[in-house]
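Engineer: next one to model:
(one chain, ligands or ions: 1)
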Amino acid sequence: MKHLIAAFCMMCGSVSAESYSLGDLTITDSFSYPTNGRSGAGYFKLTNDGPADVLMAVTANFPRVMMHQSLMQEGVMTMKHRMMVEVPAQGELEFAPGGYHVMFMGLSDGWTVGDEIEASLQFKNAGMLDIKFSVTARP
Ligand SMILES: [Cu+2]
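Structural biologist: Residues are numbered from 1 along each chain as shown. As a prediction, this is how the structure comes out:
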């Protein structure tokens with residue numbers, strides 16, 4: 001059954017088949033959308049089977065990489081810079097369009113479907129986890 005779901009998702013093309021684990025932390029569905037511009041965003045789902053942790057930073061081979069949170073304030077969508085994001089114990093943290101996202105800035109080339117964006121997530125307790133964001137078509 002697990003096999004069938006994986007095969008189906010590869011065909012639908014919007015979900016990354018890869019997952020990445022570090023201790024009690026598991027990252028799935030790490031993806032980005034194509035961009036022609038100077039910046040791009042990365043999204044993922046993080047599941048934590050252990051005690052609370054903190055995502056301290058994301059690093060990648062771009063001039064600037066930050067963690068942002070999109071927020072609706074007085075009817076206007078704004079982005080706030082986050083120095084750290086808490087990972088709840090026995091819980092989930094989602095980076096998704098309209099919420100938390102990794103912001104990659106100063107790109108020299110655009111991203112197209114099929115590209116893989118390498119990045120490292122730095123956790124306070126668990127340490128460093130290398131992942132890739134799969135560039136997938138916008139829904
Ligand atoms: Cu942003």
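Engineer: contacting residues for the closest residue to the ion within the chain?
Structural biologist: Among the residues of the chain, residue 68 lies closest to the ion, at 3.3 Å counting by C-beta to the ion. For glycine as for every other residue, the C-beta is placed from the backbone atoms N, C-alpha and C. By C-beta atoms under 8 Å, 6 or more residues apart in numbering, the contact list for residue 68 reads 41, 79-82, 100-103.
Engineer: would you map the strands across the protein?
Structural biologist: For the chain, applying DSSP state E gives strands covering 19-22, 25-32, 39-48, 53-59, 64-73, 76-82, 85-87, 92-95, 100-105, 116-123, 127-135.
Engineer: just send those back as JSON lines, with mean pLDDT too.
Structural biologist: Below are these laid out as JSON lines (pLDDT from 0 to 100):
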{"stretch": "strand 19-22", "mean pLDDT": "96"}
{"stretch": "strand 25-32", "mean pLDDT": "97"}
{"stretch": "strand 39-48", "mean pLDDT": "98"}
{"stretch": "strand 53-59", "mean pLDDT": "98"}
{"stretch": "strand 64-73", "mean pLDDT": "95"}
{"stretch": "strand 76-82", "mean pLDDT": "94"}
{"stretch": "strand 85-87", "mean pLDDT": "98"}
{"stretch": "strand 92-95", "mean pLDDT": "98"}
{"stretch": "strand 100-105", "mean pLDDT": "98"}
{"stretch": "strand 116-123", "mean pLDDT": "98"}
{"stretch": "strand 127-135", "mean pLDDT": "97"}
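Engineer: next, count neighbours for the closest residue in space to residue 44 that isn't next to it in sequence.
Structural biologist: Distances taken as C-beta to C-beta, 6 or more residues apart in numbering place residue 30 nearest to residue 44, at 3.9 Å, with adjacent residues excluded. By other C-beta atoms under 10 Å, 25 other residues sit near residue 30.
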